[in-house]
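Student: sequence first, then the predicted structure, then my questions.
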Amino acid sequence: MTVLKCNVLVLGAGPGGYVAAIRAGQLGLDTVIVDGQAPGGTCLNVGCIPSKALIHAGDEFEKAVHFTKKNALGISVKSPKLDLSQTIGWKDGIVERLNSGVSGLLKKNKVKLITGWGKMIDGKTCEVTAGEETITIHAKSIILATGSVPVEIPSLPFGDTIISSTGALSLDSVPDRLVVIGGGYIGLELGTAYAKMGAKVTVVEATDRILPQYDADLTKPVADSLKALGITVMLNTKAKQAAADGKALIVDGADGEQTLPADKILVTVGRKAKTEGWGLSDLDLTMKGTVVAIDDKCQTSMTDVFAIGDLTGEPMLAHRAMAQGEMVAEIIAGHNRTFDKRAIPAVCFTDPEIVDAGLSPKQAEAAGYKTKIGIFPFAANGRAMTMEAETGFVRIVARKDNHLVLGIQAVGKGVSELSAAFSLAIEMGACLEDVAGTIHAHPTQSEGFQEAALKALGHALHI
Ligand code: FAD
């Protein structure tokens, strides 16, 4: 048995864990990071990155198919074909490059990466099974970053036909009929990608709307686009079980029980913190429901034991995990830090995309603010016209009294790239006048942001 001693042990090398380890290494802390799979976590291996690769492939293929028909641009394409196994190979190549990139960054910062599954023995000790070897690691500080796993529906266990998002990212052919259970962002992103690649997609959603965390104004363009893509969305409908041969899903909705034929059933009904299989119960940390409870320093109920990322609950987003990881490393190094971010932007990579940073009009109202709201439609934006992307808008929410920006949302093609400007404005405490008075390059969609601020001030120029 090998025994190691270090300042910092990080359990889990997802975006939370590997960023914490890199920063700890930069700060001169002797750091060990443990993961049972290639570094990068859910995000890099089976989440953010591979899903965006498939979304891109879907977009490109749909474009090619679009150009087989009469179109405004006068482009013509004959019989486009998609070899999904090649697409998956290309996606895997990106993942592998990023896995090596993370390993390289850890090495550069003198962090020891151990590949194996860890189990906490106590608040200072972790036992790692790495192949045949058992390694015991003693650390002064521990960062728990074990992430999350997909939620399984008990009557629909993952298997051959019934797949999670992980399975959907590695199919060898496009299913003729794909039923997606869950109208959240993961289900809609993957469902849309497969619809664009030629699958007949049905989305089954138990509530009365898709993407319930976003307001209806933001989700309407997405709902319209799903319809235009031929995706059937069944709201107020519950998935019950698969047919005996696994080739159909039985659902219960407004019209009673129905059987939906399916070659694959993709279950995307949420993710849960990974709290099992690594000794959490022995640590006996205080929990907040099903996630590890933390304070504004990501400190758990045990001294020198920190928890970050999906393990600590919503919003389960990679950039939140990374920001927490960076902060915790600095706290361990003696810096005075707290997690006091004004906005954690959320992006939904549907078609069109949605960005949500800070407070929506309803949330601002609920928080007791009187507001000024400006909305600028992309239909009045020159760049959007040149990209055939006139659907959607930018919306800015500010305090009525001092014009402080409280929230910014957008829906439209490619708006994910506006998220940085939105977060920066909120984080830096911008007022409407700051956004309106900043020169935004022409022609760009970002002019919609400036115009939304001008609109809230009562003097938009292009509408
Ligand atoms: P994870 O990334 O889950 O990493 C945890 C790591 O811990 C894993 O590598 C795991 O192997 C390891 N681990 C667990 N237990 C042990 C153990 N006992 N021993 C050793 N290692 C262990 N977020 C976004 O911000 N943007 C997106 O576009 C986005 N798209 C997504 C798409 C999909 C399909 C999915 C599934 C998720 C997506 N997410 C997205 C969410 C994002 O992936 C997570 O929020 C993020 O990965 C959380 O980071 P983390 O470090 O907390 O945990």
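Tutor: Good, I have the coordinates.
Student: what residues of stretch 13-30 count as buried?
Tutor: Buried positions in stretch 13-30, judged by neighbour count with 16 or more other CB atoms under 10 Å: 13-27, 29-30. Every residue, glycine included, has its C-beta placed from N, CA and C.
Student: doesn't Gly198 make contact with Glu62?
Tutor: No. Taking CB atoms under 8 Å as the definition, Glu62 is not a contact partner of Gly198, at 9.1 Å.
Student: list the contacts of stretch 88-100.
Tutor: Outside stretch 88-100, the residues that touch it by CB atoms under 8 Å, 6 or more residues apart in numbering are 38-40, 44-45, 49-50, 53-54, 57, 169-172.
Student: most neighbours among the residues you listed, please name it.
Tutor: Gly40 (27 neighbours; other CB atoms under 10 Å).
Student: quick check: phi and psi on it?
Tutor: The phi and psi values for Gly40, taken as degrees, to the nearest 10, are phi 130, psi -20.
Student: do the same with Leu178
Tutor: The phi/psi pair for Leu178 (degrees, to the nearest 10) reads phi -120, psi 120.
Student: cool, and Ile163?
Tutor: Dihedral angles (degrees, to the nearest 10) for Ile163: phi -120, psi 160.
Student: beta-bridge partners for it, please?
Tutor: For Ile163, the beta-bridge partners are Leu266 (DSSP bridges).
Student: what residue is smack in the middle of this structure?
Tutor: Among the residues of the chain, the one closest to the centroid is Leu317, at 5.0 Å (CA atoms, centre = their mean).
Student: for the host helix or strand of Cys43, packing partners?
Tutor: Using DSSP states H and E, Cys43 falls within helix 41-46. Counting contacts by 3 or more CB pairs under 8 Å, 6 or more residues apart in numbering; DSSP states H and E, helix 41-46 packs against helix 15-26, helix 84-108.
Student: what about the longest one, average pLDDT?
Tutor: Summarised as a single mean, pLDDT over helix 84-108 is 98.
Student: give me the buried positions along it.
Tutor: Buried, per 16+ other CB under 10 Å, within helix 84-108: Leu84, Thr87, Ile88, Lys91, Val95, Leu98, Asn99, Val102, Ser103, Leu105, Leu106.
Student: between these, which sits nearest Leu285?
Tutor: Nearest to Leu285 among the buried residues of helix 84-108: Leu106, at 26.1 Å, using CB to CB.
Student: tally of neighbours for the closest residue to the closest one other than its chain neighbours?
Tutor: Among residues not flanking Leu106 along the chain, Leu113 sits closest, at 5.1 Å (CB to CB, 6 or more residues apart in numbering). Applying other CB under 10 Å, we find 18 residues neighbouring Leu113.
Student: for Arg383, what are its contacts?
Tutor: If you count contacts by CB under 8 Å, 6+ apart, Arg383 has them with His442, Pro443, Thr444, Gln445, Glu447.
Student: ok, Gly16 next?
Tutor: Gly41, Ala145, Gly147, Ile308, Gly309, Asp310, Leu311, Ala321, Met322, Gln324, Gly325.
Student: could you redo the buried residues of helix 84-108 as JSON lines and give each row distance to Ala273?
Tutor: What follows is the buried residues of helix 84-108, written out as JSON lines (distance: CB to CB, whole Å):
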{"residue": "Leu84", "distance to Ala273": "32"}
{"residue": "Thr87", "distance to Ala273": "31"}
{"residue": "Ile88", "distance to Ala273": "29"}
{"residue": "Lys91", "distance to Ala273": "26"}
{"residue": "Val95", "distance to Ala273": "23"}
{"residue": "Leu98", "distance to Ala273": "24"}
{"residue": "Asn99", "distance to Ala273": "23"}
{"residue": "Val102", "distance to Ala273": "22"}
{"residue": "Ser103", "distance to Ala273": "26"}
{"residue": "Leu105", "distance to Ala273": "26"}
{"residue": "Leu106", "distance to Ala273": "24"}
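Student: appreciated, that's everything.
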